[in-house]
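Q: Predicted model follows, preceded by the sequence.
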Amino acid sequence: MDKIKTIFVGTPEFSTHYLNAIINDGRFDVVAVITQSDKPSGRKHEIIQSPVKKIALEKDFKIFQPERLKADINIASELKTLKADLMIVVAYGQIIPKEILEVARYGAINVHPSLLPKYRGASPVQSAILNGEEKTGVTIMLMDEKMDHGPILSQVERKLSEEETNDILHEKLADLSTDLLISSAIKFINGEIKPIEQDHDQATFCRIINKEDAKVDWNKSAQEIKRKIYAFHPWPGTWTMLDGKRIKIFPPTKILKQKNIKKSPGQIIINNNELIVACGEDFLKLDRLQLEGKKEMNADDFLRGYEDLNGKILA
RNA sequence: CGCGGGGUAGAGCAGUUGGCAGCUCGGCGGGCCCAUAACCCGCAGGUCGUGGGUUCGAGUCCCACCCCCGCAA
């Protein structure tokens, strides 16, 4: 059997797990890679290449980096000349127009890290943690014009614990589903899978995360705040303000229930060398912090250098 | 040339107008105690990021460079 001529579309680290799996499997021939354009990034505004691009360069794949895929009319015809069998899309970061989705003979397959039709959209993993879901998973599906809307080829589930962070969960979901992507793609091409239409009435959506989402509202319950800290780790990183300075909060944190103490939300309590903050409901013990300009550190290190914290208010 | 904070003992920090380098924690030794991460006594541990300059004298002032970090993108 000939190798499956594949166009891979993706951008961040998460995508690279799948690209590597496809490369290592041996039954696929990557004829092109589409990834986001290089952008000035970091402290000195250096030009940064996407993780997917780095692999593509290493393997000497043909690379496309349109500024806006929608606006680039020529790219569809150029892709067609590759006579690809399949397009595989993992976290590209742009809407892909219909003409592009149709350049490969068998169409486009998407990997989406949620149990579709739940959590369509830009932040499925973060949202599942934020909402305290008991389980999430990964869906392999065919793409159509609507976002995360196409018929499902396969799914895999994973239980969630209260201690799951966004970065680790992404990795675990990838580990869990790279094989599934490959087997599903091959079965689909061989006509061994019948795609199943999603139950669109059950669909839920999650929007892209912005920086304002990452600020702590201490009026919320300790549980809600804890989930945010885990869901937004390491990016964008949950933060609050202390004495006019930004301070980031990292996992782990622990919820403390103490009914007889009354403090205003955001108030710091130093007890037994532990850093505890009053929330709208219950209390949160913070273990790891980072003051702007400083490195991330343990709470007891932080307390050592920052005297008279007791009673101060985080906002 | 995007904006900003920082580099001082193993860790976290302080160091006033330039004048003997400190604090808390940790480490080591000893003491107290039924006992302890508690308490008491003692000890060790620093080329103050690097190089140059000013000065009788620089952690501190001037110049250059290296490294870490927050914002923004």
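A: Arrived safely.
Q: Report the beta-bridge partners for the residue lying closest to A:L101 once chain neighbours are set aside.
A: If you skip the residues right next to it in sequence, A:L101 has A:A108 as its closest partner in space, 4.6 Å away by CB to CB, 6 or more residues apart in numbering. Using the backbone N, CA and C atoms, a C-beta is placed for each residue, glycine as well. Beta-bridge pairing for A:A108 (DSSP bridges): A:M87.
Q: Pull the contacting residues for A:A108.
A: If a contact means CB atoms under 8 Å, 6 or more residues apart in numbering, then A:A108 has A:V9, A:L86, A:M87, A:I88, A:V89, A:I96, A:L101, A:L142, A:M143 as its contacts.
Q: what about it, distance to RNA strand B?
A: 29 Å (CB to the nearest atom of the strand, to the nearest Å).
Q: what do you get for A:I182?
A: For A:I182, the distance to RNA strand B equals 33 Å [CB to the nearest atom of the strand].
Q: quick check, that residue in a strand?
A: No - under DSSP: H, G, I helix; E, B strand; the rest coil, A:I182 falls outside any strand and is assigned helix.
Q: Surely it touches A:N20?
A: No - A:I182 sits out of contact with A:N20 when judged by CB atoms under 8 Å, with a separation of 11.3 Å.
Q: who's more crowded, those two?
A: It is A:I182, of A:I182 and A:N20, that has more neighbours when counted by other CB atoms under 10 Å, with 20 against 14.
Q: who are the neighbours in contact with that one?
A: A:I182 neighbours (CB under 8 Å, 6+ apart): A:A21, A:I22, A:D25, A:R27, A:F28.
Q: still on that earlier bit, quick check, pLDDT for the residue nearest to A:L101.
A: Note for A:A108: predicted pLDDT of 97.
Q: any idea how far A:M241 is from it?
A: Distance of A:A108 to A:M241, given as CB to CB, to the nearest Å: 44 Å.
Q: Now do A:M1, the pLDDT please.
A: The predicted local distance difference test score for A:M1 is 66.
Q: With A:N210 instead?
A: Per-residue pLDDT puts A:N210 at 89.
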